[in-house]
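*Asks:* Build me a structure from this.
(one chain, ligands or ions: 2)
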Amino acid sequence: MITPPLGREMDTSRQPCGYSPGDTDADTCMRPATWHIAWDVAMENGLACDEHMASAKKFAYVDRHPVGADCSMPGSAWFFEEQRCGYPDEAPVLQLAEALTVPTKEPK
Ligand SMILES: [Zn+2]
Ligand SMILES: [Zn+2]
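*Replies:* Numbers count the residues shown, from 1 in each chain. Ligands and ions are numbered 1, 2, ... in the order given. So this is what the prediction gives:
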């Protein structure tokens, strides 16, 4: 199994292909990515255009799916079964809102 070179942290908000042979800004592909790749179970992930997805296939990866609007966005989660990224249920936020609006009764 070949581990991919993960390289540096990139600004992925515009979803560029992160292929970067020398791991510098100057040689990064930066074309719009078409694939979102999960490299390992710790959810290290990367973005690749069609051309570089082809070369990324020589590395071991956990999962991949076509890039969507929520890919690589802060707080988004990887949904394996749905083959996309998105935001999990916002239950913790709702619970917090309830806790703030429902007055808690002091135990007597
Ligand atoms: Zn590329
Ligand atoms: Zn994704």
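*Asks:* pretty sure residue 44 contacts residue 6?
*Replies:* Yes. Counting by C-beta atoms under 8 Å, residue 44 sits close enough to residue 6 to count as a contact (5.6 Å). Heads up, the C-betas are built off the backbone N, CA and C, glycines and all.
*Asks:* where does the protein dip in pLDDT?
*Replies:* Applying pLDDT under 70 to the chain picks out residues 1, 89-105, 107-108.
*Asks:* For it, which residues are neighbours of ligand 1?
*Replies:* 17, 19, 29, 31, 49, 52 (C-beta under 5 Å from the ion).
*Asks:* This structure: helices as residue ranges?
*Replies:* Ranges of helices within the chain are 50-56, 91-101, based on DSSP state H.
*Asks:* and the residue nearest to the spatial centre of the chain, what does it touch?
*Replies:* Central residue of the chain (C-alpha atoms, centre = their mean): residue 72, 3.7 Å from the mean position. Shown in contact with residue 72 (C-beta atoms under 8 Å, 6 or more residues apart in numbering): 12, 13, 15, 36, 45, 47, 85.
*Asks:* among the residues you listed, which ones are buried?
*Replies:* Among these, the ones that count as buried by 16 or more other C-beta atoms under 10 Å are 12, 15, 36, 45, 47, 85.
*Asks:* With adjacent residues omitted, what lies nearest to the fifth one?
*Replies:* By that I understand residue 47. Spatial nearest neighbour of residue 47, excluding adjacent residues (C-beta to C-beta, 6 or more residues apart in numbering): residue 33 at 3.5 Å.
*Asks:* ok, that neighbour - contacts?
*Replies:* Taking C-beta under 8 Å, 6+ apart, one finds 15, 16, 17, 18, 47, 48, 49, 67, 71 in contact with residue 33.
*Asks:* sorry, back to before: of the contacts of residue 72, which ones also sit close to ligand 2?
*Replies:* 36, 85.
*Asks:* among the contacts of residue 72, which are in strands?
*Replies:* Of the contacts of residue 72, the ones assigned to strands by DSSP state E are 36, 45, 47, 85.
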